[in-house]
Each structure stands twice: as structure tokens, then as C-alpha cells.
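Visitor: sequence first, predicted model second:
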Amino acid sequence: MAALTLSDILTRVLRYLPSTNMNTEVQDAILERMNYLISLDIFPFQDGYSYAPVISGTWYLVTPTDFASVKEMVVYTADSEKYLYKMDSKTFSERWPMPSNQDTGMPTYYAIRVAEGQIWFNCPFDASYTIRMLFNKIPDDATDTTVSQLSELAKITIEKWGCADGFRMMGEHDRADRMEQEGNKSLAAMKRRYQLAMENDARIISFKEQYFKGSRY
């Protein structure tokens, strides 16, 4: 479902409904449901990508304006890629209070600093590279463009809720209630997955653990 657009979700929803003469109404309902998710302000459910060039001597990056949390950080070299490990801000500061004073090299760790406005690396880069960051983003208002950035469970949730709204418009309240419950189950699963990801992301990977697990690069 990675390539689903708003029109794709609308098509899938209409397959459930006996009537196909409610395209506009159902599409409006889908957008309203997306904006409802945004209003919950519990967790981000859109994915963002960032490709940022860094030059030699760089030791931090400014986070994107719609940044919520990092999912993956990768440094591209001429012939390989290196995954960086996240460290909590307190431990990072104890080890590298001012990374700019470290010798240049290839960083291994990063931390979110300055009120989530910057990403600090444990040392300045020794050359120019490109950094790819996959991140959870603060959701945009629902549009046909932003729907493609939804996580898979968010799309499933919206689809089920859209069916519920369609059945409700037709007076099929029992079927609407069942689809509403299915959507709520997907929402609960989405919350659990995000919470688990945040817990795993917050755990510190020690140097010893990293050695025995084997490097990812």
C-alpha cells in the first residue's frame, strides 16, 4: 500500500459500498478523518525524508521544520553507507560536551539537541558526505499530496473509517459500527507500534553491545 494516494483510498473504500454515487461525500469524510488524526497530537503518523550535504568540519545539522523524531540516519560515502546510532542527550553530553573540539573523522553517534532544533554528531566530519534521514514528521493538514506520506497502518485506519462513514451516510449503521471498530483497532495498533519504536529508540546502545552485535556498516 506504499503508493496509495487519496484517490486510491477513495477507490478502495467505494468497493465496500453498495452505492458508488457518493465520491465527493466519501472523499470529504476521508480528509476529515485524516485531520482528526492530526488533531489527536498523540504521535506522528507521516514519514519524512531528508537528504542533506555536509562538508568537512560540520558537526551538527538543523532539523527539518516538520521534524518529530529520527527513524534512521545514514551517511553515504563514495562506495558505501554507514548507519549512525542515536544516543540520548544526557549521555551524549557527558561523553562529548562540545563535539567541535573533537578530531575530525566519521561520526558513529548522534543526539537530538537544542530543543529538538539540531542534530549533533560525536565529531566533525572529515570530508564532504551526504546524510539521508528518515524521520517521523509532524503531520500536515490532509491533502491529496500528504496522504502518500502516511504510514501503512494509518492508511488502513483511514480506509476502514472511510467505509464506516460511507455506510453511515447510507443508513447502514450496523455495518458502519463494525468498520468503525476495525478502524479503531488499526489506530490502537498504530499507537502501540509507535510507542514501541520510541522505547527502542531511547535505549542506549553501549560500545560493548555494538561490538558483539556486529556493525551495521
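Guide: Looks like it came in fine.
Visitor: when you work out contacts or count neighbours from here on, use the C-alpha atoms and nothing else.
Guide: OK.
Visitor: now do the buried residues in the biggest helix by length in the chain.
Guide: Criterion DSSP state H: the longest helix present in the chain is helix 173-202. Buried residues in helix 173-202, counting neighbours by 16 or more other CA atoms under 10 Å, are found at 175-177, 179-184, 186-187, 190-191, 194, 201.
Visitor: pick the one among those closest to Asp165.
Guide: Proximity of these to Asp165 (CA to CA) peaks at Ala176, which lies at 6.6 Å.
Visitor: so where do the strands sit in this protein?
Guide: Counting by DSSP state E, the chain has strands at residues 46-54, 60-62, 67-76, 81-83, 85-86, 109-113, 118-121, 129-137.
Visitor: how about those strands in TSV, adding mean neighbour count?
Guide: Listed next are the strands of the chain as TSV, based on neighbours: other CA atoms under 10 Å:
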stretch	mean neighbour count
strand 46-54	17
strand 60-62	17
strand 67-76	18
strand 81-83	17
strand 85-86	21
strand 109-113	20
strand 118-121	21
strand 129-137	19
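Visitor: redo those as a markdown table? Include mean pLDDT and distance to Pro18.
Guide: Formatted as a markdown table, the strands of the chain follow (pLDDT from 0 to 100; distance: least, CA to CA, whole Å):
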| stretch | mean pLDDT | distance to Pro18 |
| --- | --- | --- |
| strand 46-54 | 85 | 31 |
| strand 60-62 | 94 | 50 |
| strand 67-76 | 87 | 40 |
| strand 81-83 | 93 | 49 |
| strand 85-86 | 92 | 50 |
| strand 109-113 | 93 | 50 |
| strand 118-121 | 95 | 51 |
| strand 129-137 | 88 | 36 |
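Visitor: relative to Ile158, which of these is closest?
Guide: strand 46-54 (12.9 Å).
Visitor: and the closest one, what does it pack onto?
Guide: Identification of packing neighbours for strand 46-54 by 3 or more CA pairs under 8 Å, 6 or more residues apart in numbering; DSSP states H and E yields strand 129-137.
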